[in-house]
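1. Sequence plus predicted model, see below.
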Amino acid sequence: MALVASGSAQANQTISNAALSERVQTSGEWIRTRTGIQSRRISTPEESLNDLAVRAGQKALEMAHTSQQRPWRSLGDGEWTPSNRI
């Protein structure tokens, strides 16, 4: 077995330290100097972890030059899981 590709995905929405500091009663500068983080990605209610997993999986398949058309199967209720055909 060999790892031939990987994929990643990130949430669409970005939140700045300034916006975050309003929620946690600190300053954006305090966050940046202590963590080095200037902004972060957060998912919206319309974007699930499964959505991110599907996008990451699709990127991995593209990187691997795989022509698998549907690498995911439904569990019902909008839930998806990797197919055992990969």
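-> Structure's in. What do you need? Computed from a predicted structure; not experimentally measured.
2. going forward, measure contacts between C-alpha atoms and count neighbours the same way
-> Will do.
3. Tell me the buried residues in the biggest helix by length in the chain?
-> Assignment by DSSP state H gives helix 49-63 as the longest helix of the chain. Of all the residues in helix 49-63, those buried under the rule 16 or more other CA atoms under 10 Å are 51, 52, 53, 54, 56, 57, 58, 59, 60, 61.
4. Name the nearest residue to the last one, sequence neighbours excluded.
-> In space, residue 61 comes closest to residue 5 once its chain neighbours are excluded; the distance is 7.2 Å by CA to CA, 6 or more residues apart in numbering.
5. Checking that neighbour next. Helix, strand or coil?
-> Under DSSP: H, G, I helix; E, B strand; the rest coil, residue 5 falls in the coil class.
6. Could you report the neighbour count for it?
-> 14 (other CA atoms under 10 Å).
7. where does the protein dip in pLDDT?
-> The model of the chain has pLDDT under 70 over residues 1, 67-86.
8. so how far is residue 21 from residue 58?
-> 35 Å (CA to CA, to the nearest Å).
9. typo on my end, it should be residue 6
-> 34 Å.
10. I'd guessed residue 20 sits against residue 28; true?
-> Yes: Residue 20 lies in contact with residue 28 (CA atoms under 8 Å); the separation is 7.4 Å.
11. What is the end-to-end distance of stretch 36-45?
-> Using CA to CA, the end-to-end distance of stretch 36-45 comes out at 27 Å.
12. chain center to it, what's the gap?
-> Distance, stretch centre to chain centre, for stretch 36-45: 11 Å (CA atoms, centre = their mean, to the nearest Å).
13. Give the buried residues for it.
-> Those would be residue 39, for stretch 36-45 by 16+ other CA under 10 Å.
14. and residue 15, that's in a strand?
-> Yes: using three-state DSSP, the assignment for residue 15 is a strand.
15. which residues touch it?
-> If you count contacts by CA atoms under 8 Å, 6 or more residues apart in numbering, residue 15 has them with 39, 40, 41, 42.
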